[in-house]
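**Q** predicted model, plus sequence, below.
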Amino acid sequence: MDRRRSLNSQFFLFFCVLSIVLLGACTLHPRYTRPCVEVPDTWRIPVDESMSYCNFRWWEQFGDPHLSGLILEALEENNDLKVAINRVYQYAGQLQMVKSELYPQLGGAITAVRQEIPLGFSPFPLDVNRLSSEFVCLFNASYDLDIWGSIRSASESALAQLFAQEEARRTVVLTLVTSVATSYIQLKQFYKQLDISQQTYKSRVESYDLALLRYHGGLTSELEPKQAKAELETALAQVLDFELLVAQQENLISVLVGHPPHSIEKGVSLDDLHLAVDIPAGIPSQVLEQRPDILQAEWNLVSANAEIGVARAQFFPNISLTALYGNESLALKNLFTGPTRTWVYGASILQPFFTGGMLTGQLKVAEAQKLEAYYQYRQTVLNAFRETDDALIAHRNSLELLVVQKRRVEALVEALNLASLQYENGQTDYLNVLDARRNLFGSQLDAADVQGNTFISLVNIYKALGGGWVVEADQWALPE
């Protein structure tokens with residue numbers, strides 16, 4: 001009979017433990033499914049879908065090793081990127097803290113106390129020793145039974161937040177690499193426009209000197225040198241403007257690569273940069289898998305979904321197990337000998353009955369935060385499609401506009417030659433020559449601006465598409 005009772009007790013204990021383990025494996029948050037979003041079938045301009053090669057170091061195709069060096073330096077030294085890297089470490093630590101609650105918490109304490117009872121408060125006779133000592137060595141353990149999955153839901157939420165921060169770090173990498181490339185190309189554009197302005201200024205100095213000679217020789221009125229002087233000062237103003245823009249752009253690049261403002265090596269000229277013939281595109285659905293900001297928004301949605309389980313679990317009892325074992329003695333020499341052993345074990349169940357609506361409010365907050373994350377995800381996806389389409393259209397238009405601007409410059413060069421020839425032969429006045437020079441100068445600056453924007457629009461395509469190059473650059477940025 002005693003043996004049967006013992007077996008029944010063991011079976012009952014095993015059943016209870018198994019039930020607790022099985023219950024602890026469940027969670028109360030909804031099962032996550034990726035939201036359905038409307039994905040365009042194609043982009044608004046015809047592109048070759050086979051050109052989905054965004055998994056290489058696209059900046060190397062420009063043929064400027066100095067640009068590659070600046071990008072690598074930025075990945076190693078940029079302070080904003082270092083902030084993002086260490087923020088990921090913070091979330092990794094928070095995940096470890098949350099997951100630790102899934103395991104028993106073990107601890108110990110050793111205390112030694114010696115005390116003298118004040119004479120005025122002592123209840124004992126005067127000849128009784130008022131000094132006392134106490135020595136304690138204890139080990140304790142506690143364990144929260146995660147029956148309703150509160151800790152597991154919190155762990156899932158923390159893990160999703162960690163993944164979201166990793167994608168946020170990759171977004172910083174994407175932005176940093178494209179910002180360095182864009183700033184460097186724009187610097188080359190400013191250098192070219194500065195060179196055009198300086199050459200124009202030198203030419204107008206010569207024209208002004210010639211106008212003075214003609215005026216002093218009695219060939220023209222005073223109006224011609226005045227007009228030449230005004231054109232000279234206009235060119236000089238442009239020189240000063242572009243010198244300022246060059247310095248500011250160099251300062252911007254210096255900060256991007258993590259250094260104080262300094263001059264930047266020119267590298268190859270804007271005219272010597274290689275412009276890819278093929279435009280990378282791929283199908284729109286690939287953007288959902290390649291863009292780190294979209295992946296970050298989805299992980300935020302996963303985290304918010306798990307937080308609903310944490311809020312729901314607060315409505316149910318919280319069951320905790322505690323245990324304590326050790327020794328306690330009034331004399332140190334007897335701490336581990338004699339009848340000094342002490343132990344305690346037990347369980348507690350905490351069930352909220354009335355909280356004034358606090359738990360209901362927490363659940364409503366969690367559900368609203370999930371909806372917020374859901375709509376943020378949808379908006380992020382829409383913005384990604386818009387940015388990609390904008391970049392593709394802008395690049396196509398920039399290529400067409402660049403051809404138009406080059407033809408315009410060629411036409412204005414011929415117009416200036418004809419106006420100068422007619423002026424020298426007395427067939428037209430000096431005003432036509434000034435207009436031709438002014439138009440040519442403006443068109444040359446515009447052509448350089450369009451040329452720079454053509455390269456920048458290509459960079460924007462890679463930025464909008466994301467791709468494997470972001471993951472590779474992200475690995476470069478991580479400390480070994």
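**A** Received the coordinates, thanks.

**Q** ends of stretch 114-133, what's the gap?
**A** Chord length of stretch 114-133, first to last residue, is 4 Å (Cα to Cα, to the nearest Å).

**Q** ok, then the element right after the helix or strand where residue 225 lies?
**A** Using DSSP states H and E, residue 225 sits in helix 223-256. Counting by DSSP H and E, the next helix or strand C-terminal to helix 223-256 is helix 284-290.

**Q** now for that following helix, which elements pack on it?
**A** helix 292-313, helix 358-424, helix 430-465 (3 or more Cβ pairs under 8 Å, 6 or more residues apart in numbering; DSSP states H and E). For glycine as for every other residue, the C-beta is placed from the backbone atoms N, C-alpha and C.

**Q** residue 253 is nearest to which of those?
**A** The closest of those to residue 253 is helix 430-465. By Cβ to Cβ, the value is 14.2 Å.

**Q** how far does that closest one sit from its chain's centre?
**A** Offset of helix 430-465 from its chain centre (Cα atoms, centre = their mean, to the nearest Å): 32 Å.

**Q** repeat that for stretch 463-477.
**A** Averaging C-alpha positions (Cα atoms, centre = their mean) puts stretch 463-477 12 Å from its chain's average.

**Q** list the contacts of it.
**A** 54-58, 71-72, 75-76, 81, 85, 169-170, 173-175, 177-178, 280-282, 286-287, 290-292, 384, 387-388, 390-391, 462 (Cβ atoms under 8 Å, 6 or more residues apart in numbering).

**Q** so where's the protein shaky on pLDDT?
**A** The chain contains residues with pLDDT under 70 at 1-26, 40-54, 117-130, 277-285.

**Q** with adjacent residues omitted, what lies nearest to residue 347?
**A** Ranked by Cβ to Cβ, 6 or more residues apart in numbering and with sequence neighbours excluded, the top spatial neighbour of residue 347 is residue 321, at 5.2 Å.

**Q** show me the contacts for the one you found.
**A** Residues near residue 321 by Cβ under 8 Å, 6+ apart: 141, 142, 143, 145, 345, 346, 347.

**Q** including mean neighbour count and distance to residue 132, could the helices and strands packed on helix 284-290 go into TSV?
**A** As requested, the helices and strands packed on helix 284-290 are exported to TSV (neighbours: other Cβ atoms under 10 Å; distance: least, Cβ to Cβ, whole Å):
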stretch	mean neighbour count	distance to residue 132
helix 292-313	23	47
helix 358-424	16	46
helix 430-465	20	74
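
**Q** wait, which of the ones you listed is closest to residue 66?
**A** Residue 66 lies closest to helix 430-465 among the helices and strands packed on helix 284-290, at 14.7 Å (Cβ to Cβ).

**Q** so what's the residue nearest to residue 293 when sequence neighbours are not counted up against?
**A** Leaving aside its sequence neighbours, residue 293 sits nearest to residue 171 (Cβ to Cβ, 6+ apart; 5.1 Å). When contacts are counted by Cβ under 8 Å, 6+ apart, residue 171 touches 292, 293, 296.

**Q** hang on, residue 171 is in a helix, isn't it?
**A** Yes: under DSSP: H, G, I helix; E, B strand; the rest coil, residue 171 falls within a helix.

**Q** that one and residue 34: what is the separation?
**A** According to Cβ to Cβ, to the nearest Å, residue 171 stands 19 Å off from residue 34.

**Q** do the same with residue 318
**A** Residue 318 is 33 Å from residue 34, where distance means Cβ to Cβ.

**Q** for the residue nearest to residue 347, which residues count as its bridge partners?
**A** On the basis of DSSP bridges, residue 321 is bridged to residue 143, residue 347.

**Q** returning to that earlier point: could you dump the contacts of residue 171 to TSV with distance to residue 131?
**A** Formatted as TSV, these follow (distance: Cβ to Cβ, whole Å):
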residue	distance to residue 131
292	68
293	70
296	65
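
**Q** neighbour count: residue 318 and residue 34, which is higher?
**A** Applying other Cβ atoms under 10 Å to residue 318 and residue 34 shows that residue 318 carries more neighbours, namely 17 against 10.

**Q** if you skip the residues just before and after it, what's nearest to that one?
**A** Nearest non-adjacent residue to residue 318, counting by Cβ to Cβ, 6+ apart: residue 350, 4.5 Å away.

**Q** and that neighbour, how many neighbours?
**A** For residue 350, the count of nearby residues is 8 (other Cβ under 10 Å).

**Q** can you check the one 3 residues further on too?
**A** Summarising burial for residue 353: neighbours were counted as other Cβ under 10 Å, giving 4.

**Q** mind checking the SS state of it?
**A** With three-state DSSP as the basis, residue 353 sits in coil.

**Q** can you give me phi and psi for residue 345?
**A** Taking degrees, to the nearest 10, you get phi -150, psi 150 for the backbone angles of residue 345.

**Q** what residues are up against it?
**A** Residue 345 is in contact with 321, 322, 323, 324, counting by Cβ under 8 Å, 6+ apart.

**Q** no more questions from me, cheers.
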